[in-house]
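In: Give the three-dimensional model of this entry:
(chains A, B and C)
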Amino acid sequence: MGQTVIIKAGGGASGRAEELLGGLNEPQRAAVTHGEGPLLILAGAGSGKTRVLTHRLAYLVFSGQAAPDQILAITFTNKAAREMRERAEALLQRSVQGLWIATFHSVCARMLRAHAELLGYTPSFTIYDQADSRRVVKRVLESLDVDTKRFAPALLQSRISQAKNELLSAGEVERSRGGFEELLAETYSRYERELQSANALDFDDLLRLTVRLFERHPEVRSRYALHFRHILIDEYQDTNLAQYRIVRLLADRTAAVRADAREELSAEEEKPPGARNLAVVGDDAQSIYGFRGADVRNILDFEADFPEARVIRLEQNYRSTQHILDAANALIANNSAALPKRLWSELGAGEPVRISELEDEHAEARYVVGEIERQLEGGRALSEIAVFYRTNAMSRVLEEALVRNQIPYRLIGAARFYERAEIKDALAYLSLLVNPRDSVAFLRAVATPRRGVGASSLARLQAYAAEQGLSLCELAASAESVPGVSRGAARGLRELAALLDSLRARIASGIEVAELIAATLRESGMIAALQAEDSPEAQGRIENLEQLVALAAELAGEPAAEPLSLERFLEQTALAGAAEEAQAADGPDGAVTLTTLHNAKGSEYPVVFIIGCEEGMIPHSRAIEEGGLEEERRLFYVGLTRAMRLLHLTRALRRYSFGASSYTMASRFLDELPAEQVLAESLVQEGWQGASRRALRPAAGGLQRSAGRRPAGAGTVGCGLQVAVGDDVLHDLFGEGVVTALDGPGAVVVRFASDGSERTLLTEYANLRRL
DNA sequence: TCAGTGACGTTTTTT
DNA sequence: ACGTCACTGA
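Out: This is a model prediction of the structure:
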């Protein structure tokens, strides 16, 4: 944005400082240079909040207020962490070693590895993702003889996760009596034991056990609290209780000093007591992770938590044109906001927000693809265009249309690379190499490829292992001594044990990670089994596995303090989130981005499409049931505010779900957008209309309902304007036209004089005036 | 033990 | 429509 003056290398410090602050306005500068004490940056969408945090990071290093490794910067995703590091280094014009820039989960994993023994784990613990822990929950439920039809593992798992995020132990859950609670408590406590004996932590444990580490071992907490001179946290509105506690424990340096009197106070002495150099950035209007335990009160109560906090508000938006912002502002005004903000921009009005109504999801996809092609013809790059949707499943129809039209795209999230069966199988072998107690990994590895070890043998093996207090891995080596295991199964088990031993020997002799993975794939027989399948799917899996090897080689090539260890590789794969992966290869000019609204947070694109703007999709029906309407609205708000120049919302009259096509109603959020900023058109095709209009009644009813809700007095006659065929009308964008037909309730066909085009417009949205 | 078959539930969202 | 899961026969 701003021009920066490059001072010649080794030039004056003041020049570089100016550069670090270049392009920032006054409030942003203040946030960047804020010295001691807590700082809350309340920043609206597109206000450059992450940029401010990044500049602050660079500024702290530059001004020597902290050594690089004394700064802890917490981002929401690993991708954001990488970007922050790159940008900070670009600002400083040098690479910086030792900076702690990572997600909460990564930071916690790092600290827990350093002190695992204090909590009864070994540093080689495995990190279980959701699927892994669901398997364990399922095993536990089976051992409890619970009907998994009535109580699904997923339900119990999510409740355990909730409890963990609220820092409740199994015992504490139990205190609330009742049938389900009792089951929950029992499952929780057994699940916990299972994980502990597997030397495994789930995602929630990473946070919860860090809290425990700090609370039970004040000397450890002191060490880190004193070590980190400055803490920066992005997306603070999405922190949960456990994360909040970690922040408090790290930020309270005074208590840390008291707790650890042995520590030298050197620099501490100069600081006022209670100084907490904590800078958090967030926007309560973008809090969209409540389902995961995020508590927006953390940001709302910041000033109460840190009474000496300075608060800086950033409301100017540098991203979007005013029409887009007006639409977003109007939408979010329907929420009971605790910290109302009104975004404004100097970028001009721009184009109106467009809403298009299509027949079904296929027509919607075709239409979006057509519009994308128009944008490309107009000079937009593929990488400047994004399509958002509420659920991952919605990407498929769109992908098909993009493939048909040979438009390259990258799919963020969805069937994530690391969650694919073959990748998880390969990782299971690797995990067993460092953590032989990992039971989930053992059960995976032993089953792929088939080794003649079936369910019954495994059940006996597990029972015996539990009885003897041995790990499955240990037992596998002497499988014939396990009662009830057949000779064939025993041979298979010994084979696996021997393979693992042989691979471990190579680790000991210092093999490269990539090479080790390749050897594992080869010698386990995984590749051979897939080759034998001889199907296109199997070929794809082989390619994925090859990618895994390539990934390890790539990671090993990155500059790092130490060579890539298998442990670090596994940790990265466990914590590497959705955001990384590109499904289809990017073309030479980049690719269109496809992502869920959740994954869209933190991004921006000149052209944004949001598809499926229907009741039940956004807001999602499950969310409505659970009373999460305001969070859904914030989610939609996040989507709207990603758009820089063109925002295009679409919806389908019919949509396929649960194996049947059914009629939809327009999202209530569309009704909440101001008519003045919106250009709506129905693109339901001729010949379809007779049928669709009749069937459309629910949707039409929805439109009328909203038309009634918004009285026609608010400076517009747009909604519900009564027109007849032959009337001359004026449209904000298309100018003068004549009504050529009435098209069902609320829709008119208008032929415009300017370009001769004939368009179907919804009177509710199109701000038509009679001439 | 395992491949093949049919019934069934599935869809929020993610570190 | 699709993947998962339980059941069945070899």
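In: Show me what from chain A comes close to DNA strand C.
Out: A:148, A:421, A:658-659 (CB under 7 Å from any atom of the strand). Glycine gets a C-beta too; all of them are placed from N, C-alpha and C.
In: Pull out the buried members of those residues.
Out: Buried members of the residues of chain A next to DNA strand C, counted by 16 or more other CB atoms under 10 Å: none.
In: Throw these into a markdown table and include secondary structure and pLDDT, thanks.
Out: Compiled in a markdown table, these are given as follows (DSSP: H, G, I helix; E, B strand; the rest coil; pLDDT from 0 to 100):
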| residue | secondary structure | pLDDT |
| --- | --- | --- |
| A:Thr148 | coil | 71 |
| A:Ala421 | helix | 80 |
| A:Phe658 | coil | 72 |
| A:Gly659 | coil | 71 |
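In: Which single residue of the stretch 151-300 of chain A approaches DNA strand C most closely?
Out: Here the residue of the stretch 151-300 of chain A nearest DNA strand C is A:Pro153; by CB to the nearest atom of the strand that distance is 8.4 Å.
In: Mind naming the longest strand for chain A?
Out: Using DSSP state E, we find that the single longest strand of chain A is strand A:643-652.
In: which element follows the helix or strand bottoming out on mean pLDDT in chain A toward the C-terminus?
Out: When each helix and strand of chain A is scored by mean pLDDT, DSSP states H and E, helix A:697-709 comes last, with a mean of 30. Counting by DSSP states H and E, the next helix or strand C-terminal to helix A:697-709 is strand A:728-731.
In: Quick check: of the residues of chain A next to DNA strand C, which lies closest to A:Ala333?
Out: Within those, the smallest distance to A:Ala333 is 34.2 Å, found for A:Phe658 (CB to CB).
In: Going along the chain, name the strands of the stretch 401-550 of chain A.
Out: Secondary structure of the stretch 401-550 of chain A (DSSP state E, counting those that start in this stretch): strands at A:409-411.
In: Spell out which parts of it neighbour DNA strand B.
Out: Residues of the stretch 401-550 of chain A lying near DNA strand B (CB under 7 Å from any atom of the strand): A:413, A:450-457, A:486, A:488-489.
In: Point out the least confident one among those.
Out: Taken together, those show their lowest pLDDT at A:Gly413, with 71.
In: low pLDDT regions in the stretch 451-600 of chain A?
Out: A:559, A:561, A:577-588 (pLDDT under 70).
In: again, only using 80
Out: For the stretch 451-600 of chain A, the stretches flagged by pLDDT under 80 are A:452, A:454-456, A:459, A:484-488, A:532-540, A:558-563, A:576-589.
In: same question, the stretch 51-200 of chain A
Out: A:142-152, A:174-181.
In: Now do the helices for it: every range, in order, please.
Out: In the stretch 51-200 of chain A, the segments counted as helices under DSSP state H, counting those that start in this stretch are A:78-92, A:104-114, A:130-143, A:153-165, A:170-174, A:179-197.
In: Save those as CSV, and put in mean neighbour count and distance to A:Phe417 too.
Out: Listed next are the helices of the stretch 51-200 of chain A as CSV, based on neighbours: other CB atoms under 10 Å; distance: least, CB to CB, whole Å:
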stretch, mean neighbour count, distance to A:Phe417
helix A:78-92, 19, 13
helix A:104-114, 20, 18
helix A:130-143, 19, 13
helix A:153-165, 20, 22
helix A:170-174, 16, 33
helix A:179-197, 18, 24
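In: Now distance to A:Gly290 too, for those, in CSV please.
Out: Shown next, in CSV, are those (distance: least, CB to CB, whole Å):
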stretch, distance to A:Gly290
helix A:78-92, 20
helix A:104-114, 17
helix A:130-143, 18
helix A:153-165, 11
helix A:170-174, 20
helix A:179-197, 20
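In: Nearest approach to A:Glu19 belongs to which of the ones you listed?
Out: Closest of these to A:Glu19 is helix A:78-92, at 7.4 Å (criterion: CB to CB).
In: That closest one: how far from the chain's middle?
Out: Relative to its chain's centre, helix A:78-92 lies at 18 Å (CA atoms, centre = their mean, to the nearest Å).
In: What helices and strands are in contact with that helix?
Out: helix A:13-20, helix A:49-62, strand A:71-75, strand A:100-103 (3 or more CB pairs under 8 Å, 6 or more residues apart in numbering; DSSP states H and E).
In: Report the strands that pair with the last one, each with its relative direction.
Out: Meaning strand A:100-103. Strand A:100-103 pairs in its sheet with strand A:71-75 (parallel), by DSSP bridges.
In: export the strand it pairs with as CSV, just CAs?
Out: Extracted C-alpha coordinates of strand A:71-75, given in CSV (Å, rounded to 0.1, in the frame of the first residue of the first chain):
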residue,chain,number,x,y,z
ILE,A,71,8.7,-13.2,21.1
LEU,A,72,5.8,-15.5,21.0
ALA,A,73,3.4,-14.9,18.1
ILE,A,74,0.4,-17.1,17.9
THR,A,75,-1.6,-17.4,14.7
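In: How about the contacts made by the closest residue to A:Gln539 other than its chain neighbours?
Out: Spatial nearest neighbour of A:Gln539, excluding adjacent residues (CB to CB, 6 or more residues apart in numbering): A:Leu530 at 7.8 Å. Listed by CB atoms under 8 Å, 6 or more residues apart in numbering, the contact set of A:Leu530 reads A:422, A:538-539, A:541-542, A:545.
In: quick revisit: ok, the longest strand of chain A near DNA strand B or not?
Out: No - Strand A:643-652 lies out of reach of DNA strand B by CB under 7 Å from any atom of the strand, never closer than 13.8 Å.
In: and that strand, what other elements does it pack with?
Out: Here strand A:643-652 touches helix A:322-332, strand A:353-358, helix A:361-377, strand A:605-610, going by 3+ CB pairs under 8 Å, 6+ apart.
In: Tell me which other helices or strands the longest one touches.
Out: Translated: helix A:361-377. Counting contacts by 3+ CB pairs under 8 Å, 6+ apart, helix A:361-377 is packed against strand A:353-358, strand A:385-389, helix A:395-404, strand A:605-610, strand A:643-652, strand A:654-657.
In: ok, so what distance separates the closest residue to A:Ala445 other than its chain neighbours from A:Leu496?
Out: Closest residue in space to A:Ala445, ignoring its immediate chain neighbours: A:Ala428 at 4.5 Å, by CB to CB, 6+ apart. A:Ala428 is 11 Å from A:Leu496, where distance means CB to CB, to the nearest Å.
In: what about the residue nearest the centre of chain A, which helix or strand?
Out: Residue closest to the mean C-alpha point of chain A, counted by CA atoms, centre = their mean, is A:Asn599 at 4.5 Å. Using DSSP H and E, A:Asn599 sits within helix A:597-600.
In: Now do that helix: which elements does it pack against?
Out: Applying 3+ CB pairs under 8 Å, 6+ apart, one finds that helix A:597-600 contacts strand A:385-389, helix A:629-640.
In: Next up, the contacts around the nearest residue to A:Glu315 once chain neighbours are set aside.
Out: Leaving aside its chain neighbours, A:Glu315 sits nearest to A:Gly44 (5.0 Å; criterion: CB to CB, 6+ apart). Each residue near A:Gly44 by CB under 8 Å, 6+ apart is listed here: A:283, A:285, A:314-317, A:341, A:343.
In: residue in chain A nearest to DNA strand C?
Out: Residue nearest to DNA strand C within chain A: A:Gly659 (3.0 Å; CB to the nearest atom of the strand).
In: Name the SS class of the residue of the stretch 201-350 of chain A found nearest DNA strand B, please.
Out: Across the stretch 201-350 of chain A, the shortest distance to DNA strand B (CB to the nearest atom of the strand) belongs to A:Phe291, at 3.7 Å. Assigned with DSSP: H, G, I helix; E, B strand; the rest coil, A:Phe291 falls in the helix class.
In: burial count for it?
Out: Number of residues near A:Phe291 (other CB atoms under 10 Å) recorded here: 14.
In: pretty sure it contacts A:Gly628?
Out: Yes - at 7.3 Å, A:Phe291 counts as touching A:Gly628 under the criterion of CB atoms under 8 Å.
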